[in-house]
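K.L.:
Using only what follows, build the 3D model:
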Amino acid sequence: LLYSMEEASSFFSHDMLWKTLTSTVLATLCIAIYYGNLKRYSMLSLEIGETEESLLTQFTEAPLYIIMGALGGIFGALFNNTYAFMTKSRRNFYKTFEGNKKTFVALKLTESALLSILTSTIMLTFTWKVGVCRVSDEMDEEFDPSFLRRYNCEPGQINELGTLLFGSREESIKDILTNPEEFSPTTLLTVGLMFLGLMMVTFGVALPTGMFMPSVLTGASLGGFAGLMIKQYFIPGVHPSDFSLIGAAAFLAGMQRNTVSLCVILMEGTGQTKVLIPVIITVVCARTVGDFFSEGVYEIGMELKGYPYLEHEARPRYDMFTAADVMNQSSETVTLVETAGSIEALLLASSHHAFPVVDEKTAQYKGMIRRDQLVAALECGIYIAPMAGSVHKPEMFSRNDEIQDSAIDAAENGQAFVVENEAFQTNSCFHGSSGRHSTEWRYLCKPDDASTWLRDNVLFSGDGKDVMFGMDETLPNGIISNKKGTQVGLVDGKLVIQIHPANREKLVDVGSMMNKSAFSVMVDCPLSRIYDLFASMGLRHLPVLKDGKVVGLINRLCLNSKYVQVKTGYHLY
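P.N.:
Below is the predicted model of the structure:
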């Protein structure tokens, strides 16, 4: 829960807090039932117990924490920059094969297979050539005998490197954090550097690889090596096990840039509360140093995936710009009373999740309506018709301007309407983006917006006005529901609907469903203020008004620093 609050969200409401808490409790309960042991439920439950006090608890050892944190920040930034480079290289390479699905999948599988072979070869070679053999009786009595690996060593001996590389990851981490002195410095250094290099190459490949446990093992190994060196050459009284935990904290903080949740995870998972202050100092230093060289690995991943993630605070120079500098000059609005066919076409052509509602005669802004509300109205067949006795009859509804104006006037004047809800059957199929109202998307190619980042992350519609963020290849496409003759589905991540052709001329009372008190800003509103609104209120869209009329729309993409930089021509760094 703390991890998701600190690392994965820019807006965390009270409702989201309870949803996340419920999810974590259910996940914990299911895992506990599966294992039959309530102690085996946490992400890191090592149960290494308390160790005796060491010099690390003294205030005079603070420089050691700072040095370890700085090194963790440097190694973490190195990993993050390498991950960003490898991911961009992979994307540029595979982009040329996206048109041929079979070749694309074959190359993905080939890369995964080659990396698996490379990983196994490196581990086996280093275990054979570099592994240190020692008599198994010399190992600590707490070591699990099933965890020991002999490999090329003589009978009665074990291979330290093979034990750590091919044993259980949890057991390896537990033994390094508990007794790093049972391993030679060469073994710990080899494990740390080997896992760091393999993580750089492997992370981002099409495999279900994890990050947390390998990161802990890397940091603990390098921290244990540092502890052994400090004890051997500088301070004989220190405990290398403390440095193993501090090394894990330093590398995790340097890579992920989280602080509070990381301290809680390490303290709760290991039970080493006596090193809480050293861990806090190390984590803060690692994050500070890492921020000089790169962003956090999750921020980099979200940016590469094209997710419009907002940091907690706007950049200082955002005060220089206004809403007019970054808004999308979109004309995608709906009127108070709109035909079902127009709404159907708008939902398929647009990528926005909400639309401004305007008065058809004066174009004055009235409110906002969400995409899912429009889909629900069409799916349920909620159309408007005059009550009995009115001069207008339901069968007279058409796109005739005079009749539509009369319906709008009636809605504005508060006249009574009844709801038509027809159940009809049709053999029409949901054709996705190839339908009658489809919009052909193209990558940005205008000379004035020639930016590598924008070409990779931003798409424009055929008319060059509508903007959507880069699509995630994992987003589903297809039918969600098919009832009452309507088909609701996803096309390129957009919720769309296909209705019966006979209903496309019927009218929908948008004004009765819209949010009349939605947030809006003027064209001269400072961009920093708009950023605060999005981050604090969890907004997705914000209409921009001038003299009461909609002149543009701002979404999260418009607040991205690189988008602002390209849009305005100013460098923000």
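K.L.:
How is this protein divided into domains?
P.N.:
Per automatic domain parsing, the structural domains of the chain span 1-41, 46-99+169-305, 316-568.
K.L.:
Lowest mean pLDDT among the helices and strands of this protein, which one is it?
P.N.:
Least confident helix or strand of the chain, by mean pLDDT, DSSP states H and E, is strand 442-443 with a mean of 32.
K.L.:
So Leu193 lies in a helix, does it not?
P.N.:
Yes. Remark: Leu193 belongs to a helix, assigned using DSSP: H, G, I helix; E, B strand; the rest coil.
K.L.:
Could you report the pLDDT at it?
P.N.:
Leu193 carries a pLDDT score of 96 in this model.
K.L.:
before we move on, what about the one 4 residues further on?
P.N.:
The model reports Gly197 with a pLDDT of 94.
K.L.:
Restricting to C-alpha, output the helix or strand where it lies in PDB.
P.N.:
Using DSSP states H and E, Gly197 maps to helix 185-202. Only the C-alpha atoms of helix 185-202 are listed here, as PDB (Å, rounded to 0.1, in the frame of the first residue of the first chain):
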ATOM      1  CA  PRO A 185      34.800 -11.100  -0.800                       C
ATOM      2  CA  THR A 186      35.500 -12.400  -4.400                       C
ATOM      3  CA  THR A 187      32.200 -14.400  -4.300                       C
ATOM      4  CA  LEU A 188      30.100 -11.400  -3.100                       C
ATOM      5  CA  LEU A 189      31.700  -9.000  -5.600                       C
ATOM      6  CA  THR A 190      31.100 -11.500  -8.400                       C
ATOM      7  CA  VAL A 191      27.500 -12.100  -7.500                       C
ATOM      8  CA  GLY A 192      26.800  -8.300  -7.200                       C
ATOM      9  CA  LEU A 193      28.400  -7.300 -10.500                       C
ATOM     10  CA  MET A 194      27.100 -10.300 -12.400                       C
ATOM     11  CA  PHE A 195      23.500  -9.700 -11.400                       C
ATOM     12  CA  LEU A 196      23.800  -6.000 -12.000                       C
ATOM     13  CA  GLY A 197      25.000  -6.600 -15.600                       C
ATOM     14  CA  LEU A 198      22.400  -9.300 -16.300                       C
ATOM     15  CA  MET A 199      19.600  -7.100 -15.000                       C
ATOM     16  CA  MET A 200      20.700  -4.300 -17.300                       C
ATOM     17  CA  VAL A 201      20.500  -6.600 -20.300                       C
ATOM     18  CA  THR A 202      17.400  -8.600 -19.300                       C
END
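K.L.:
Any stretches of the stretch 51-200 of the chain with poor pLDDT?
P.N.:
Where the stretch 51-200 of the chain drops to pLDDT under 70, the residues are 51-59, 137-149.
K.L.:
hey, where'd the helices end up in it?
P.N.:
Assigned by DSSP state H, counting those that start in this stretch, the helices in the stretch 51-200 of the chain fall at 62-95, 101-129, 160-166, 169-178, 185-202.
K.L.:
Export these as JSON lines, with columns for distance to Gly223.
P.N.:
C-beta: built from backbone N, CA, C; applies to glycine. Below are the helices of the stretch 51-200 of the chain laid out as JSON lines (distance: least, C-beta to C-beta, whole Å):
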{"stretch": "helix 62-95", "distance to Gly223": "7"}
{"stretch": "helix 101-129", "distance to Gly223": "20"}
{"stretch": "helix 160-166", "distance to Gly223": "14"}
{"stretch": "helix 169-178", "distance to Gly223": "9"}
{"stretch": "helix 185-202", "distance to Gly223": "8"}
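K.L.:
Nearest to Gly538, out of those helices?
P.N.:
helix 62-95 (27.2 Å; C-beta to C-beta).
K.L.:
give me the number of residues near Gly204?
P.N.:
Gly204 has 20 neighbours, counted by other C-beta atoms under 10 Å.
K.L.:
Look at the closest residue to Met368 other than its chain neighbours and say how many residues are nearby.
P.N.:
Residue nearest to Met368 in three dimensions, not counting chain neighbours: Ala518, with 3.8 Å by C-beta to C-beta, 6 or more residues apart in numbering. Residues lying near Ala518 (other C-beta under 10 Å) number 19.
K.L.:
would Ala518 count as being in a strand?
P.N.:
No. Under three-state DSSP, Ala518 falls outside any strand and is assigned coil.
K.L.:
Report pLDDT for it.
P.N.:
Predicted confidence (pLDDT) for Ala518: 92.
K.L.:
if I pick it, what's in contact with it?
P.N.:
Going by C-beta atoms under 8 Å, 6 or more residues apart in numbering, Ala518 touches Gly367, Met368, Pro543.
K.L.:
List only buried entries from those residues.
P.N.:
Listed as buried from the contacts of Ala518 are Gly367, Met368, Pro543; burial here means 16 or more other C-beta atoms under 10 Å.
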